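[1] Provided below are the primary sequence and the corresponding predicted coordinates.
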Amino acid sequence: MSANAARIPGPVMNAAGCGGTGRELAAYGDLSALGAFVTRTITLTPRTGGSMPRVVETPSGLLHAVGLQNPGLDRFLATELPWLVRQGARVVVSIAGESVVEHAELARRVGQSPGVAAVEVDLAEPDPPAWGLLETREPIASALVATRVISSCRRELPRDVPLLAKLRPDPVRVVDQAYGLLEAGVDGLVVGHALPALMPDGRSGALSGPALFPVARRCVAELAAAVPDLPVIGCGGVGSTADAHAMLDAGAVAVQIGTALLHDPTAVHRIAAGVGGDRRHDTGGAR
Amino acid sequence: MSANAARIPGPVMNAAGCGGTGRELAAYGDLSALGAFVTRTITLTPRTGGSMPRVVETPSGLLHAVGLQNPGLDRFLATELPWLVRQGARVVVSIAGESVVEHAELARRVGQSPGVAAVEVDLAEPDPPAWGLLETREPIASALVATRVISSCRRELPRDVPLLAKLRPDPVRVVDQAYGLLEAGVDGLVVGHALPALMPDGRSGALSGPALFPVARRCVAELAAAVPDLPVIGCGGVGSTADAHAMLDAGAVAVQIGTALLHDPTAVHRIAAGVGGDRRHDTGGAR
Amino acid sequence: MTSTPPPGDPAPTAAPTPTGPVHVIGEILHSRRTGAYQHVTLAAPDVAERVRPGTVVALTAGEPRLGRRLFWVRGVRTVGGFGSAVEIVVEPTGPGSRWVAELPVGARLPVTGPLGRPFSLPRDPVSCVLVGEEVAAACLYPLALRLKERGCAVTMLLGARSESHLLAALEARRTARSVTVVTADGSVGRKGPADDLFGAALPEVLERAAADVVYAAATTPSLARVARAAEHHGAWCQTALTQPGVCGTGLCQGCAVPVAGEDGLVRSARACADGPVFRGDRVRWDELAGGAP
Amino acid sequence: MTSTPPPGDPAPTAAPTPTGPVHVIGEILHSRRTGAYQHVTLAAPDVAERVRPGTVVALTAGEPRLGRRLFWVRGVRTVGGFGSAVEIVVEPTGPGSRWVAELPVGARLPVTGPLGRPFSLPRDPVSCVLVGEEVAAACLYPLALRLKERGCAVTMLLGARSESHLLAALEARRTARSVTVVTADGSVGRKGPADDLFGAALPEVLERAAADVVYAAATTPSLARVARAAEHHGAWCQTALTQPGVCGTGLCQGCAVPVAGEDGLVRSARACADGPVFRGDRVRWDELAGGAP
Ligand SMILES: Cc1cc2nc3c(=O)[nH]c(=O)nc-3n(C[C@H](O)[C@H](O)[C@H](O)COP(=O)(O)OP(=O)(O)OC[C@H]3O[C@@H](n4cnc5c(N)ncnc54)[C@H](O)[C@@H]3O)c2cc1C
Ligand SMILES: Cc1cc2nc3c(=O)[nH]c(=O)nc-3n(C[C@H](O)[C@H](O)[C@H](O)COP(=O)(O)OP(=O)(O)OC[C@H]3O[C@@H](n4cnc5c(N)ncnc54)[C@H](O)[C@@H]3O)c2cc1C
Ligand SMILES: Cc1cc2nc3c(=O)[nH]c(=O)nc-3n(C[C@H](O)[C@H](O)[C@H](O)COP(=O)(O)O)c2cc1C
Ligand SMILES: Cc1cc2nc3c(=O)[nH]c(=O)nc-3n(C[C@H](O)[C@H](O)[C@H](O)COP(=O)(O)O)c2cc1C
Ligand code: FES
Ligand code: FES
């Protein structure tokens, strides 16, 4: 396990894109009380996001096509990040780029900023081409691209800033991906994102929420069995302290809470309090 | 489009493994009133199935690990199939094997039996190795195995019996798989099966039900756009006539109903009546 | 071990005959708490008429839960304006049973039933011992009535962890010739050990009644013991299993029970469709307890 | 077009001040149908105290629906034993709003609020025209009271498809100096075309009232027209948008509204957190109608 593995924050944090700018979440509890605050995915240039409707309901889940709306790196570093750091939050910055070079630049500039607890590279967008992002899913060639993204981000980041990769919750493929990224220097994984799905009106969207919890948990279990030295953060459908424990029991060192926060803005604070002192990731990933 | 495409039954049938032996479903409506009756997946030798619990609830879904319990081909052909044919059901026989040769034998013997409306090869078991089945998912080599399974089944089946392949609902990979199977001689696809997932007790299981509807529907839309000549039967989370229409609108020629039947044994008859004369598959797959 | 659900023979539940199940919208007519249980009367057109002792009804458990919950039919009643109704006894333990128990009078919900194969009744007026544990005892009440109609001598042995979990011992006395009650805490009747409630009383009751037939509805470990005791006594035994499953209609194969056939081969039967009543000497109790199908 | 939600400045809803939102368990105290709407009073400790005109509360919509449903605060009340409560008006159109409308008195559910930026009040006692359409008019009643307290002249223009969808015109007369009512079917007040309900009446009302400020709560097409008319008349205009979204708390970026900043750049603002009240001249109405963010 990398020295950085023990620096991965946990055990309970919000999921990328489900915590607003942080200010909104701060209305319901101290950000410093969370394992970490994970930002929206930040891109080099500002993004307006997709067309409406962007988020709709589906049984026990949400479908979203937000399109990575974000203010761009400059504005994020100038305004949002310093505010988060002032709140005492351990900030995990989520990034995504249109090329390997862009990823490297994002990692370098985020890594130079004070107060960043970790960088999370979003390699799991359900529809990267739709949003002009790098295709890192399939075929094999793209998997190699993911590896290059991680190795160049690792090079640009200060040694002691943990580098996380966020992967799609695909139980069949996640282990193979993990091996490649481990070699490329990743310190931990976030598994997983929302699943590729169809919006009611026929546009591409992504499925999140309790509906996919057993799929995300399966991914965590596969990784814990196959790559026990690589810390995994479980993400997907966690909505209660019991869910969080089930994810930790499957082998995760931490959990992220997304959709549940959109239903109950106190969810991440409630679950963080429920999981409480149980910071097993601090023991070095002991399961 | 193959001449057999127009012979694919529809527009509404049960999903494999969710209609019992047929006798139980017949208590709630005539089997001949359905587009087809799809059997449990039949293997060459009898199978006891997995340990208990086999099916448990999850939000808006079910997790199952039934383990392909079935009486084996001999007994099926001797007792269950003739009974189904006598009821006037258009019988789709689902098969799975432990090798390419086994698949071929299953196809040959099923194809020789009178009254079979189509054969559906289950290439989508979420955990084939766990049940001693052929691995047809990943890596690339296994995809070639799937192609060989289909081409040898096609060879063994009478020319006029449509051959269907059932694929995992994986929007990222389903189109590539479809191209290969189309070349191998498949007449249509069923997309998809349940998703690989984790049972609460940590065993491998599979997720079905409304939870995954938007994922299955996305697969159908991808296929309809990429391989418009290959008829696709949409399966996954269809629980109402509205869902069925949404699946047909995404490009499916028919739908299968699984989990909904376990919640309401009249579901497939209700939806068949709801979709009614709208047998657009009869027009030769016009969408 | 080869295994399949019994094929071939037309199961009584599957054939579309007047005894087969129907799927209807039911309505809660009465709901009353007694001890640990909620007694619920449900208008269910066409269902009640078809019920035979040992069959169950399947109810939904509220969104977003997709499994059905099965309940023994405790009795059948005629209710003015609604035709006939079924009575069930609900022990609110988890989300589904709590949902059912809390439904207000007038609430409507899908009901499927009657499901499963009922108890077989003896042709002759023999001596029958009915062993019932906690809520499962519900299915023995309509059975006792039918046996009595046939002139059988009915003896009942009822057990529960405590008095509040004991089902209607008073009513039992109206039908049965003799009733023995055992509770784990001794709050009523004899005190029996929690891990073998009927252990001491059972051989004695079988002996005293000179039992020809034993009918049992209980937890799986108790059923295994009753089946063994009946065999030992030389009585024919039928057991009603409460095996978890999700559909209750025989469609999912989720409720596997290892059962030996006439041919001695063990097959994986479906508790809900091939049962819930099985011959006690046919069920492979050890495998069942071990979680194997 | 570059675009971000306004960063930097501490949004009133986000800062953990006494005006910020809280998440509590509320309880239905009253629920009454009037015309097409269900008027619901909800005990919501700490929420009511923080409400300012134009803010909303978010309610759950029952399992398995994960989106929140937003409702304008129609008023705030003190209720013996419960402290203060909020009044909302629910139009039961879909599953979520029907679920809320059908909740019995005594039902408890999570309530989050108040959410969003309220209407800005003028410093001076100017002439204000309040334009309200159907259920959205709910948020204008507490506003009218506050404006009157400040000595503003309040004129109201209310519209709806028919009388049953008109919200409390009688009560409006108590607060407002003058009230004009328009319905599409002419069932009460003037008859206005369904596709431009306020078209004819609006310029006339603005003129007559010599409006300095226009406040509007209506469907998006109506708001666009009111904003244009206000600009034409030379009045300052604030519009309260009913833009769909799922969380209501600013977390998901699901409720995008294209808004021009001071710098003239159009950004994608969140209707729920950066709104729901926006300056009428800042919203890009054409893009909004087109579905673009
Ligand atoms: C043949 C049969 C007859 C039954 N009769 C009655 C009855 O008369 N009265 C009554 O109160 N209950 C009865 N049950 C049990 C009942 O159907 C429910 O399973 C039980 O109430 C637990 O459901 P829950 O939603 O409350 O708990 P949960 O824990 O949410 O149950 C979840 C799932 O677990 C399974 N399960 C959990 N506990 C049990 C259990 N003890 N037995 C079987 N499955 C379980 C069920 O499949 C259910 O889908 C019967 C079950 C069977 C199979
Ligand atoms: C700022 C704001 C204030 C509101 N105030 C009120 C109010 O005071 N009274 C009232 O009855 N309703 C109000 N609404 C609308 C309400 O929140 C629900 O969206 C509406 O009742 C439809 O929900 P449903 O579940 O019944 O319908 P569904 O069709 O199930 O709605 C599903 C989803 O569609 C979206 N949606 C559908 N229709 C609308 C709509 N007309 N407006 C916004 N979103 C929609 C919602 O995001 C919802 O999640 C308000 C909405 C917003 C954004
Ligand atoms: C509205 C919404 C926006 C999201 N935006 C992002 C994002 O910007 N970057 C990212 O990596 N994941 C994003 N996600 C995915 C979540 O971070 C999370 O991985 C996924 O929703 C599964 O977790 P959940 O079931 O707890 O929501 C978003 C999810 C939702 C629902
Ligand atoms: C209990 C159960 C048993 C199943 N058995 C089989 C099977 O034997 N063969 C098969 O191809 N699919 C099987 N499936 C998958 C279904 O056929 C279907 O593809 C899947 O459940 C998705 O559809 P649904 O959401 O409508 O259930 C089974 C599903 C369930 C829930
Ligand atoms: S519970 Fe589904 S077959 Fe018995
Ligand atoms: S509805 Fe989620 S940010 Fe507005």
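    Perfect, thanks for sending it. Ligands and ions are numbered 1, 2, ... in the order given.

[2] only C-alpha atoms for contact and neighbour calcs from this point on.
    Noted.

[3] So what's the residue count around the closest residue to A:Met199 other than its chain neighbours?
    Distance criterion CA to CA, 6 or more residues apart in numbering or on different chains; nearest residue to A:Met199, sequence neighbours excluded, is A:Gly205 at 5.4 Å. Applying other CA atoms under 10 Å in any protein chain shown, we find 27 residues neighbouring A:Gly205.

[4] By mean pLDDT, which helix or strand of chain C comes out lowest?
    When the helices and strands of chain C are scored by mean pLDDT, DSSP states H and E, helix C:169-175 comes last with a mean of 82.

[5] List the contacts of that helix.
    C:Tyr141, C:Ala144, C:Leu145, C:Lys148, C:Val154, C:Met156, C:Leu158, C:Val179, C:Val181 (CA atoms under 8 Å, 6 or more residues apart in numbering or on different chains).

[6] Mind checking what secondary structure the most centrally placed residue in chain C has?
    Centroid-nearest residue in chain C, with CA atoms, centre = their mean: C:Cys139, separated by 4.4 Å. Three-state secondary structure (criterion: DSSP: H, G, I helix; E, B strand; the rest coil) places C:Cys139 in helix.

[7] What residues does the stretch 151-293 of chain C have near ligand 6?
    Residues of the stretch 151-293 of chain C found near ligand 6 (CA under 6 Å from any ligand atom): none.

[8] where does the stretch 151-293 of chain C have low pLDDT?
    C:290-293 (pLDDT under 70).

[9] all strands of it, in order?
    C:153-160, C:178-183, C:190-191, C:213-217, C:236-240, C:256-260, C:266-270, C:277-279 (DSSP state E, counting those that start in this stretch).

[10] Relative to B:Ala33, which of those is closest?
    Among the strands of the stretch 151-293 of chain C, the nearest to B:Ala33 by CA to CA is strand C:266-270 (26.0 Å).

[11] what is A:Val55 paired to in the beta sheet?
    Note on A:Val55: beta-bridge partners A:His64, judged by DSSP bridges.

[12] Surely it touches D:Cys247?
    No - using CA atoms under 8 Å, A:Val55 makes no contact with D:Cys247, being 9.2 Å away.

[13] The two: which is more packed in?
    Between A:Val55 and D:Cys247, counting by other CA under 10 Å, D:Cys247 is the more crowded of the two (29 against 24).

[14] My guess is the more buried one contacts A:Leu262. True?
    Yes - the pair D:Cys247 and A:Leu262 qualifies as a contact (CA under 8 Å) at a distance of 4.6 Å.

[15] How about the contacts made by C:Thr180?
    C:Met156, C:Leu157, C:Leu158, C:Gly189.

[16] Grab the nearest non-local neighbour of the last one.
    Just to be clear, that refers to C:Gly189. Sequence neighbours aside, C:Val181 is the residue nearest to C:Gly189 in space, at 4.8 Å (criterion: CA to CA, 6+ apart).

[17] if I pick that neighbour, what's in contact with it?
    Residues counted as contacts of C:Val181 (CA under 8 Å, 6+ apart) are C:Leu157, C:Leu158, C:Gly159, C:Ala169, C:Val188, C:Gly189, C:Arg190.

[18] Go through these and name the one nearest chain A.
    Within these, the smallest distance to chain A is 34.3 Å, found for C:Gly159 (CA to the nearest CA).

[19] Which strand residues bridge A:Met13?
    Going by DSSP bridges, A:Met13 is paired in beta bridges with A:Ala36, A:Gln256.

[20] Isn't it up against A:Val38?
    Yes - applying CA under 8 Å as the test, A:Met13 and A:Val38 come out as touching, 7.0 Å apart.

[21] Next, give phi and psi for the closest residue to chain A within the stretch 151-293 of chain C.
    Proximity to chain A, evaluated over the stretch 151-293 of chain C using CA to the nearest CA, is greatest for C:Val246 at 17.5 Å. For C:Val246, the backbone dihedrals (degrees, to the nearest 10) come out as phi -110, psi -30.

[22] List the residues that contact the nearest residue to it once chain neighbours are set aside.
    With CA to CA, 6+ apart as the criterion, C:Val246 has its nearest non-adjacent residue at 4.5 Å, and that residue is C:Gly67. Contact analysis of C:Gly67 by CA under 8 Å, 6+ apart lists B:Val56, B:Glu57, B:Leu62, B:Leu262, B:His263, C:Thr60, C:Ala61, C:Gly245, C:Val246, C:Cys247.

[23] where's C:Gly67 relative to ligand 6, distance?
    Separation of C:Gly67 from ligand 6 (CA to the nearest ligand atom, to the nearest Å) stands at 32 Å.

[24] burial of C:Glu204, as a residue count?
    Neighbours of C:Glu204 using other CA under 10 Å come to 11.

[25] so how far is A:Gln69 from it?
    Remark: distance between C:Glu204 and A:Gln69 (CA to CA, to the nearest Å) = 77 Å.

[26] again with C:Ala138
    C:Ala138 sits 59 Å away from A:Gln69, going by CA to CA.

[27] same thing with C:Gly106?
    Taking CA to CA as the measure, C:Gly106 and A:Gln69 are separated by 49 Å.

[28] The two: which is more packed in?
    Shown here are C:Gly106 and A:Gln69; by other CA under 10 Å, A:Gln69 has more neighbours (26 against 13).

[29] Pick out the residue in the stretch 101-250 of chain A sitting closest to ligand 2.
    A:Pro200 (11.5 Å; CA to the nearest ligand atom).

[30] how close does that residue get to ligand 3?
    16 Å.

[31] Checking that residue next. Helix, strand or coil?
    coil.

[32] ok, now which ones touch it?
    B:Ala246.

[33] Could you report the pLDDT at A:Cys153?
    For A:Cys153, the model assigns a pLDDT of 97.

[34] what about it, how many neighbours?
    Neighbours around A:Cys153, by other CA under 10 Å: 27.

[35] which ones are touching it?
    Per CA under 8 Å, 6+ apart, neighbours of A:Cys153: A:His103, A:Ala104, A:Ala107, A:Arg108, A:Leu163.

[36] In PyMOL, select just the buried ones from these.
    For the buried members of the contacts of A:Cys153, the matching PyMOL selection, counting by 16 or more other CA atoms under 10 Å in any protein chain shown, is:
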select buried, chain A and resi 103+104+107+108+163
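
[37] Among the contacts of A:Cys153, which are located in strands?
    Among those, the members falling in strands (DSSP state E) are A:Leu163.

[38] Mind naming the longest helix for the chain?
    You didn't say which chain, so I picked chain A. helix A:140-156 (DSSP state H).

[39] I was thinking of chain C, sorry if that wasn't clear
    For chain C, the longest helix by residue count, based on DSSP H, is helix C:220-233.

[40] Hey, what's the angle from the helix or strand where A:Ala118 lies to helix A:140-156? Just curious.
    For A:Ala118, the element it lies in under DSSP states H and E is strand A:116-122. Relative orientation of strand A:116-122 versus helix A:140-156 (axes from the mean of the first three to the mean of the last three CA atoms, to 10 degrees): 170 degrees.

[41] Give me the contacts around strand A:116-122.
    The contact list for strand A:116-122 (CA under 8 Å, 6+ apart) reads A:8-9, A:36, A:41, A:85, A:90-96, A:107, A:110-111, A:150, A:161-167.

[42] does ligand 3 sit close to that strand?
    Yes - contact of strand A:116-122 with ligand 3 (CA under 6 Å from any ligand atom) involves A:Asp122.
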